[in-house]
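S.K.: what's the 3D shape of this:
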Amino acid sequence: MSALDHVVFLKFGAYRSDDLSINTIPLKVISLSISTNKTIPSIEVPLSGALSGESVTAALDLGMASKSVSMQGFITEQAINKKWNGLATEDEGPRTYTPIEIAQMIHSSVDSTGLQTFQSINELVFLYDSKVGADGNARTATTIPFNYASRGEGGKLDNYGTVGRVVSNFPTSSTSEGMKGFIRSFETTIDSETIDVSFSMQFEIAEVFPSGKVATKLADALS
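M.R.: Here you go, the predicted structure:
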């Protein structure tokens with residue numbers, strides 16, 4: 001699968017398989033930065049320093065944080081395999097897109113909404129090597145996508161203390177779920193001295209509404 005030649009790629013909302021070469025856009029990234037910012041109200045406790053000789057700040061952890069990924073790289077000519085669930089011609093398969101065509105495809109996705117599943121992008125995958133599995137045991141190095149899941153089922157291992165289901169599962173293979181969200185910004189530079197297109201992107205991790213599932217339900221109701 002061509003996508004496995006890369007370590008970073010984007011998934012369209014229509015991605016529905018375990019084949020990383022279908023409905024994805026591989027990216028050549030030269031720099032990637034992951035940012036996690038805690039949102040927690042805090043207040044300095046009055047007179048705490050006067051009474052004990054050491055001031056105290058009280059904070060209320062409400063479980064809020066913002067998460068984003070920034071990256072820079074370049075887009076090259078490459079084959080992308082888009083499947084439209086029988087809506088395309090019988091001659092489905094990879095198509096070779098120019099760098100500008102791929103850049104236009106991503107710009108178009110940012111301009112769309114989650115309702116357009118074959119147009120919008122809702123997942124970022126950044127693959128890395130892991131030597132400790134979801135069960136906390138050592139394993140042979142396996143390539144998995146980065147996400148914010150912790151090891152263990154709900155209430156177990158690193159998830160001890162959680163209530164109810166966990167938001168996401170710790171990855172077990174390269175086809176596990178990456179980071180769901182949306183592209184906050186996408187900038188490209190077209191240079192006459194090269195055929196490649198350089199880009200910078202900010203991807204924000206979030207639960208996005210509405211989604212393609214809503215569109216499907218609306219279409220069924222109106223049909």
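S.K.: what comes into contact with the longest strand seen in the chain?
M.R.: In the chain, ranked by residue count with DSSP state E as the criterion, the top strand is strand 24-39. In this structure, residues lying in contact with strand 24-39 by C-beta atoms under 8 Å, 6 or more residues apart in numbering are 2-3, 5-12, 15, 62, 64-76, 78, 80, 102, 105-106, 121, 125-126, 146, 148, 199. In this view, the C-beta of every residue, glycine as well, is placed from N, C-alpha and C.
S.K.: same thing but at 7 Å, please
M.R.: Applying C-beta atoms under 7 Å, 6 or more residues apart in numbering, the set of residues contacting strand 24-39 from outside is 2-3, 6, 8-11, 15, 64-74, 76, 78, 80, 102, 105-106, 126.
S.K.: so of those residues, which ones are in helices?
M.R.: Among these, the residues falling in helices (DSSP state H) are Ile102, Met105, Ile106.
S.K.: Need those residues in CSV (columns: neighbour count and pLDDT).
M.R.: Shown next, in CSV, are those (neighbours: other C-beta atoms under 10 Å; pLDDT from 0 to 100):
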residue, neighbour count, pLDDT
Ile102, 21, 95
Met105, 18, 94
Ile106, 20, 96
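S.K.: out of the residues you listed, which one sits closest to Ser52?
M.R.: Comparing the ones in helices among the contacts of strand 24-39 against Ser52 with C-beta to C-beta places Ile106 closest, at 55.7 Å.
S.K.: pLDDT score assigned to the nearest residue to that closest one once chain neighbours are set aside?
M.R.: Spatial nearest neighbour of Ile106, chain neighbours left out: Phe186 (5.6 Å); criterion: C-beta to C-beta, 6 or more residues apart in numbering. In this prediction, Phe186 carries a pLDDT score of 96.
S.K.: next one: the one 10 residues further on
M.R.: The confidence metric pLDDT takes the value 91 at Asp196.
S.K.: That one: neighbour count?
M.R.: Applying other C-beta atoms under 10 Å, we find 17 residues neighbouring Asp196.
S.K.: can you count the residues close to the closest residue to it other than its chain neighbours?
M.R.: Nearest residue to Asp196, sequence neighbours excluded (C-beta to C-beta, 6+ apart): Phe74, at 4.6 Å. The number of residues packed near Phe74 is 17, by other C-beta under 10 Å.
S.K.: For Phe74, which residues are in contact?
M.R.: Taking C-beta under 7 Å, 6+ apart as the criterion, Phe74 is in contact with Lys28, Asp196, Val197, Ser198, Phe199.
S.K.: pretty sure Ser108 contacts Phe118?
M.R.: No - counting by C-beta atoms under 7 Å, Ser108 does not reach Phe118; the two are 10.9 Å apart.
S.K.: which of the two has more neighbours?
M.R.: Neighbours per residue (other C-beta under 10 Å) separate Ser108 from Phe118, with Phe118 holding more: 18 against 13.
S.K.: For Lys131, see how far away the more buried one is.
M.R.: 37 Å (C-beta to C-beta, to the nearest Å).
S.K.: Any idea how far stretch 120-131 is from the middle of the chain?
M.R.: Chain-centre distance of stretch 120-131: 6 Å, with C-alpha atoms, centre = their mean, to the nearest Å.
S.K.: Which members of the contacts of Phe74 are positioned in strands?
M.R.: Counting by DSSP E, the part of these found in strands is Lys28, Val197, Ser198, Phe199.
S.K.: Who does the last one form a beta bridge with?
M.R.: For Phe199, the beta-bridge partners under DSSP bridges are Gly73, Thr188.
S.K.: do the same with the first one
M.R.: According to DSSP bridges, the residues that bridge with Lys28 are Phe74.
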